[in-house]
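# Coordinates for the following, if possible.
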Amino acid sequence: MSKYAIDFGHGVGSDRGAVGFIAEEDIINAVGTLVLARLVTIGHEVVEVRPTSASSVTDSLSQRCQKADNNNVDLFVSLHANAGGGVGTEVYTYNAKEVPEARVVLNNILSLGFTNRGIKDGSGLYVVKHPSAIAMLIEE
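Predicted coordinates:
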């Protein structure tokens with residue numbers, strides 16, 4: 001059993017995420033709820049880390065990482081969607097490190113028919129850089 005921090009990306013204050021073909025916040029809320037439920041069903045502990053309010057985007061991101069650290073999670077996963085027209089799926093890890101969990105996630109999403117955009121360097125992304133746990137940001 002592992003303990004996961006699941007971050008439903010964006011969705012706080014004025015930071016609602018991309019809006020294009022779909023609203024990123026809407027799809028991530030739906031997908032995130034399914035991911036969270038599945039992880040619990042198969043025996044993992046899950047901490048949802050998206051705050052209910054924040055004074056800024058940086059505050060929101062900081063709260064997410066702090067909640068994960070306070071709960072001593074094993075893995076931090078931030079969910080996002082290429083809602084504005086991006087094609088395919090990429091997973092961001094620190095320095096594009098080949099994290100086994102990131103590869104499994106990417107391969108599972110690709111099996112649904114998405115285009116492979118690979119594992120990419122997310123060292124400049126707050127939620128990849130700052131959690132104490134291994135972190136990934138999934139952009140599908």
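
# Val31 belongs to a helix, doesn't it?
Yes - looking at Val31 with DSSP: H, G, I helix; E, B strand; the rest coil, it is inside a helix.

# Now the residue lying closest to it once chain neighbours are set aside: phi and psi?
Nearest residue to Val31 in three dimensions, chain neighbours excluded: Leu79, at 6.3 Å (C-beta to C-beta, 6 or more residues apart in numbering). Backbone N, C-alpha and C define where each C-beta goes, glycine included. Phi and psi for Leu79, reported as degrees, to the nearest 10, are phi -100, psi 130.

# For the spatially most central residue of the chain, give me the backbone phi and psi.
By C-alpha atoms, centre = their mean, the chain has its centre lying nearest to Ser78, at 1.3 Å. For Ser78, the backbone dihedrals are phi -110, psi 130 (criterion: degrees, to the nearest 10).

# before we move on, back to that, show me what contacts the residue nearest to Val31?
Contact partners of Leu79, counting by C-beta atoms under 8 Å, 6 or more residues apart in numbering, are Ile6, Asp7, Phe8, Gly9, Ile28, Val31, Gly32, Val35, Ile138, Glu140.

# Would you mark the buried spots in the one helix or strand Leu39 maps to?
Leu39 is located in helix 24-41, with elements delineated by DSSP states H and E. Residues Glu24, Glu25, Ile27, Ile28, Val31, Gly32, Val35, Leu36, Leu39 are the ones in helix 24-41 that count as buried (16 or more other C-beta atoms under 10 Å).
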